[in-house]
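Participant: generate coordinates for the sequence data below:
(chains A, B and C)
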Amino acid sequence: MNAEPMIRLIDVRKRFASQEILKGVNLSIYEGKTTVIVGESGKGKSLILKHILGLIRPDKGKVLVEGNDINKIGRKDLKAIRSKFGVLFQNAALFDSMTVFDNVALPLRERTKASEEEIRKIVNEKLDLMDIEGSNDKYPAQLSGGMRKRVGLARALVLNPKIVFFDEPTTGLDVAKSNEMYRVFFKTQSKLGYTALIVSHDVPKIFKLADYVALLHDGVIQDCLPPEDFQTSENPFIKEFVQKTMGYIYESEQVEG
Amino acid sequence: MILLKYIEKLGDLFLYYVDQAGRMGIFLVNVIINIFKLPYYKISHITKQIYNIGALSIFVIIFTGLFTGMVLGLQGYNTLRKFGSEGLLGSAVALSLIRELGPVLAALMVTGRAGSAICAEIGIMRNSEQIDALECMAIDPHKYILAPKFIAAIISMPLLTAIFDVVGIFGGYIIGVKLLGLNEGSYFSGMYKDVEFQDIYMGFVKSLCFGLIVVWICSGKGYFVHLERKGGFGAEGVSRVTTNAVVLSSVSILVLDYFITSVLI
Amino acid sequence: MNRITTETAVGIFIIAGLLCMAYLSIKLGDVSIFATKQYPVKARFANIGGLKEGSEVEIAGVKVGKVAKITLDNYQAIVELLINPGIRLQEDSIASIRTQGIIGDKYVKISPGGAEEYIKPNGMISETESTVDIEELISKYIFEKK
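Facilitator: So this is what the prediction gives:
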């Protein structure tokens, strides 16, 4: 933990109408690591993501990406920073009016000067990584939820981002599909070596792929720890969360161990 | 205490509308800047939008234009006959269409047909995070989604209005000349003499402004659906904001019509 | 296939729209694309009654131009006429304001003269006849009979 974090949130606060959702979030994300944010749904996990992406401005606090406050830099620099980002949204956010191929090709077409032939090559390469064949000409509405997410991931990865954000990558998928999703995640991360930030409540499975787990509770990141330490943490909220989501069996195992 | 609460609510509401006005203004400026920003568009983006806004509206426009012209012919004929000046029918139909009814009715039709579609489309893109996705890909949605719609609306509106006018004049001709037996020459020559460039110009300016108003309000409402006061999420949010957009842009068209007329007359 | 229909539809739409616009502005709005160079001539009238900008100018019942501008000078009306090219007006032409029918539109009638000299562009028609005030005429007729 001695390296400079890639992304740092410092005392980020956000209020909507009369409700304060984020009450001073502090979080560091390190290069090459996989950080998972867990917590109850509807309590602002995705909101943290949107703050890092610069989609929402915090009322107070700073969001530093590689040392730059993304709410203070100009449009051009923001664009430059965002081009290092890849995002898989909760519902994949594919463009309904475009085919799978066009969806994945969009960042290449709009952001680079690649020729149509190069685009075809890169897109097919990424789609192959996702294990979806023969869907190039389908429209998003014709795909299942799991496939849509994989196409979304292919689109997020098409510009070889340094950091990839996952907003609830397995929500709404059955067990087989979410295992498939994790498999694709491992495969792509080992191949492309990106830093990952995952928002999820798929506990305990998510612990297997996390380097750090952070719990958001009551608008504050309670702690950010490696999974083993997380499960044995003395923080009352983390303890409660671990008990609630993994059951007492798991805890007794820990006690025995 | 209750009074204080009401005042607070009123203040909130006021602030909300001020915010919204500000948002919409900044939105418009952003889109206009992006229209002129390089790189320019692929023609196919704009063609597709002209197809949606203009070409698909053509039948509605022809239909309403025809019947508007016909009813003007009928009403005009019966009114003018009282003064023995049926000869003015051509001028009356053409002038009221070109100066007033053409731009306004065409704009209202486009609001209903294309404006609502634009609003719903953008609202759904917002709610399904497609707009966020674009921003995260460092593609400016103002440029990529909105600018082509604005350009298409501003090109389509005057053309639709012109079609409306011509079809309406033809409708008046059917009723006045073919049905009620007015002299064909007096219908057209009166029209050619009395309609001046000033009138055409006024209709043209109006249609441009209305085109901008429709696309501005409808796309802006959809774009900011997530900031709606009554909650802008889900299908209900989009449907409510679409209704709002259609009502607001229809009202704005009529209000703006008065002001443009008073300036140009 | 889908692409072609979209583009065809847009093409038809734009052509139809432009045709309608052209019809409106050229035929109805009197926009002359083949810039026929009309030349201006002025005339001074004591009273122009209901003459308006855009009213017609006729010689022997044939339209030869239109009224471009009306201004007031020394309590008299200065009317600027735009005359079609090729129509030449003699120095002693008479411009008079007439009415089509009894309550029809006012127009400027030019009666040709016999002089050798022609009026140059921006010249002045010196001989004018003001509008005939029908009300005045009628009352004169009625009251003088008594």
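Participant: from chain A, how far out is residue C:131?
Facilitator: From residue C:131 across to chain A, the span is 66 Å (CB to the nearest CB, to the nearest Å). From N, CA and C alone the C-beta is placed, and that goes for glycine too.
Participant: show me the contacts for the residue lying closest to that residue once chain neighbours are set aside.
Facilitator: With CB to CB, 6 or more residues apart in numbering or on different chains as the measure, residue C:49 is the residue that lies nearest to residue C:131, at 3.3 Å, once sequence neighbours are left out. The contact partners of residue C:49, taken as CB atoms under 8 Å, 6 or more residues apart in numbering or on different chains, are C:97, C:106, C:130, C:131, C:133.
Participant: just the buried residues of those residues.
Facilitator: Applying a neighbour-count criterion of 16 or more other CB atoms under 10 Å in any protein chain shown, the buried members of the contacts of residue C:49 are C:97, C:106, C:130, C:131.
Participant: how about the helices in chain C?
Facilitator: All helices of chain C, identified by DSSP state H, fall at C:2-22, C:134-145.
Participant: please apply the same query to the stretch 151-257 of chain A.
Facilitator: A:175-192, A:205-209, A:227-231, A:236-256 (DSSP state H, counting those that start in this stretch).
Participant: of all these, which lies closest to chain C?
Facilitator: Of all the helices of the stretch 151-257 of chain A, the one in closest proximity to chain C, counting by CB to the nearest CB, is helix A:175-192 (32.3 Å).
Participant: so what touches the closest one?
Facilitator: Taking contacts as CB under 8 Å, 6+ apart, the residues outside helix A:175-192 that touch it are A:34, A:129-131, A:144-146, A:149-150, A:153, A:157, A:160, A:166, A:169-170, A:173, A:194, A:196, A:202, A:205, A:208-209.
Participant: ok, and for that helix, which residues are buried?
Facilitator: Applying a neighbour-count criterion of 16+ other CB under 10 Å, one finds A:177, A:178, A:180, A:181, A:182, A:184, A:185, A:188, A:189 buried in helix A:175-192.
Participant: state the distance from residue B:259 to residue B:110.
Facilitator: In this structure, residue B:259 lies at 20 Å from residue B:110, with CB to CB, to the nearest Å as the measure.
Participant: before we move on, what about residue B:245?
Facilitator: Summarising the geometry, the distance separating residue B:245 from residue B:110, computed by CB to CB, is 13 Å.
Participant: check residue A:154 too.
Facilitator: Residue A:154 sits 38 Å away from residue B:110, going by CB to CB.
Participant: list the contacts for residue A:202?
Facilitator: Applying CB under 8 Å, 6+ apart, the residues near residue A:202 are A:170, A:171, A:178.
Participant: also residue C:79?
Facilitator: With CB under 8 Å, 6+ apart as the criterion, the residues that contact residue C:79 are C:42, C:43, C:44, C:45, C:48, C:51, C:67, C:69, C:70, C:95, C:108.
Participant: just the buried subset of the residues you listed, please.
Facilitator: Members of the contacts of residue C:79 that pass the buried threshold by neighbour count (16+ other CB under 10 Å) are listed as C:42, C:43, C:44, C:45, C:48, C:51, C:67, C:95, C:108.
Participant: wait, which of those residues is closest to chain A?
Facilitator: The nearest member of the buried ones among the contacts of residue C:79 to chain A, counting by CB to the nearest CB, is residue C:67 at 55.8 Å.
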